[in-house]
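Student: Structure for this input, please:
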Amino acid sequence: MTGADNLISRCRAGTRRFIGLMAVTAAVSLAGNSAQAGQLAPMAQPTQQVVEVQNTFDSVFGTELRGPRTYSSPLGQRLASVAEASQGRIGVAALDLATGREVDVLGDQRFPMASTSKVAIAATFLEGVDQGKWSLTSEFPMMIPVQSAPFSTAVAPVRPGAYMSAGKLLELMLTRSNNYATDALLKVVGGPDAVNAWVRRAGIEDWHIDRDIATLVRDDGAIDPAKVVDKRDSATPLAMVKLLSGIYQGKWLSPSSRQTLLDTMSRCLTGKRRIRAGLPEDVQVLHKTGSLHNTSSDIGIIEAPDGRVFAVAIYVTGQGSRPNREARIASIARTIYSGYLAEGPTYRHTASR
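Tutor: Numbers count the residues shown, from 1 in each chain. Predicted coordinates:
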């Protein structure tokens, strides 16, 4: 074994010991918090989580060891500069739908999707509309979480709430990121497995959800996404851009369902300090935000006044605070938009809604 190999081996071993200690600490903390509430949370689930994280660590560690990526284009260089992540991981991918020009920073690394996964949940539901399984006027109950200790059950308990039309649930899910509406539609389509199946049929890899939103939110915080890659409920920025561009280009949904999804995303009320804040007022943004412990994200379609269209996925972890993460997202969106506009001629009517 060379000196370099020995150093790498010792670094990996030390990091695994740190992750193991983090798991024990998290489990003890969870059990203590539950005991204060008169309940005792099982220890097995947090330990299992860290085993999954350890299994992903070698590949991520190897990527880190290869050193910083170099970019030959001015846009790539500027993007790498604004997406510099000394205080946490930042993943970015963007695609110009007219030219096929793609740019990314850590675009092939997994990041927590949080609520950005709701775009695929909506698409899965709308495919069912296209197939005649249900309609936008069909009514379903919202799924309301029932209080339970973190990790106390594999799936967080929920109860049926008020019935609403699917169209209203879709609006709440995408424009206000309502979790109760999301879990209502997720249950209708058949749960995470059904959404994963739709994504696979679309030919998208490196994208997977494992939990409903009630469970995801209840158990959030056991792992710091700025330091550790957890493959559960995660996607790569490049995978998300492929999903967005395919939806926009009408690859998988009927024209009416495509229109419904895109128009609803255009009315998104969350994340005003994210992609939207980095762009001129006359630019149309169709997007979906995501937020969990130490991570903020925004994905969507950017329609320029000259007709060009860009698909963008931005995932930011760490950076000290949520306002700081949102400022980074806005800065990255601004860099992508101005960089694409500066790179080539105007492409009118790339696609239309």
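
Student: so how many other residues sit close to Gly88?
Tutor: 19 (other Cβ atoms under 10 Å). (Glycine included, C-beta is placed from N, CA and C.)

Student: Please give me every residue in contact with it.
Tutor: Counting by Cβ atoms under 8 Å, 6 or more residues apart in numbering, Gly88 touches 226-227, 294, 316-319.

Student: go on, Ala197?
Tutor: Applying Cβ under 8 Å, 6+ apart, no residues contact Ala197.

Student: Spatially, which two of the contacts of Gly88 are the most separated?
Tutor: Lys227 and Val316 (13.9 Å; Cβ to Cβ).

Student: Which one's more surrounded, those two?
Tutor: Remark: of Lys227 and Val316, Val316 carries more neighbours, 30 against 15, as counted by other Cβ under 10 Å.

Student: what is the more buried one paired to in the beta sheet?
Tutor: Val316 has these beta-bridge partners by DSSP bridges: Ile90, Ser296.

Student: I'd guessed Ile121 sits against Ala184; true?
Tutor: No: Ile121 lies out of contact with Ala184 (Cβ atoms under 8 Å); the separation is 10.3 Å.

Student: so what's Thr317 up against?
Tutor: With Cβ under 8 Å, 6+ apart, Thr317 has these contacts: 85, 88-90, 111-112, 224-226, 294-295, 325.

Student: Could you tell me which of the residues you listed are located in strands?
Tutor: Among the contacts of Thr317, the members found in strands (DSSP state E) are 90, 111-112, 295.

Student: any chance of the contacts of Thr317 in JSON lines, with pLDDT and distance to Lys133 too?
Tutor: Converted to JSON lines, the contacts of Thr317 look like this (pLDDT from 0 to 100; distance: Cβ to Cβ, whole Å):
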{"residue": "Ala85", "pLDDT": "80", "distance to Lys133": "42"}
{"residue": "Gly88", "pLDDT": "91", "distance to Lys133": "41"}
{"residue": "Arg89", "pLDDT": "94", "distance to Lys133": "39"}
{"residue": "Ile90", "pLDDT": "95", "distance to Lys133": "39"}
{"residue": "Phe111", "pLDDT": "97", "distance to Lys133": "32"}
{"residue": "Pro112", "pLDDT": "98", "distance to Lys133": "30"}
{"residue": "Asp224", "pLDDT": "95", "distance to Lys133": "40"}
{"residue": "Pro225", "pLDDT": "95", "distance to Lys133": "35"}
{"residue": "Ala226", "pLDDT": "94", "distance to Lys133": "40"}
{"residue": "Asn294", "pLDDT": "97", "distance to Lys133": "38"}
{"residue": "Thr295", "pLDDT": "97", "distance to Lys133": "34"}
{"residue": "Arg325", "pLDDT": "97", "distance to Lys133": "38"}
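
Student: Wait, Arg328 touches Gly318, no?
Tutor: No: taking contacts as Cβ under 8 Å, Arg328 lies outside contact range of Gly318: 9.6 Å.

Student: Compare those two (neighbour count), which wins?
Tutor: More crowded of Arg328 and Gly318, by other Cβ under 10 Å: Arg328, with 25 against 21.

Student: Quick check: the more buried one vs Lys133, distance?
Tutor: Note on Arg328: its distance to Lys133, by Cβ to Cβ, to the nearest Å, is 41 Å.

Student: which residue is nearest the middle of this structure?
Tutor: Met113 (2.1 Å; Cα atoms, centre = their mean).

Student: Check the gap between that one and Glu303 for me.
Tutor: Relative to Glu303, and taking Cβ to Cβ, Met113 is found at 23 Å.

Student: next one: His293
Tutor: For His293 relative to Glu303 (Cβ to Cβ), the value is 32 Å.

Student: more neighbours, the two?
Tutor: Glu303 (23 against 15).

Student: Return the residues in contact with the more buried one.
Tutor: By Cβ under 8 Å, 6+ apart, the residues touching Glu303 are 283-286, 309.

Student: and stretch 78-93, how far from the chain's centre?
Tutor: Its chain's average C-alpha position is 16 Å from that of stretch 78-93, according to Cα atoms, centre = their mean, to the nearest Å.

Student: correction: stretch 229-244
Tutor: Computed by Cα atoms, centre = their mean, the chain-centroid distance of stretch 229-244 equals 6 Å.

Student: got a list of what Thr289 touches?
Tutor: Contacts of Thr289 by Cβ under 8 Å, 6+ apart are 115-116, 177, 268, 270-271, 274, 296-298.

Student: out of those, who's nearest Ala235?
Tutor: Nearest to Ala235 among those, with distances taken as Cβ to Cβ, is Thr116, at 7.7 Å.
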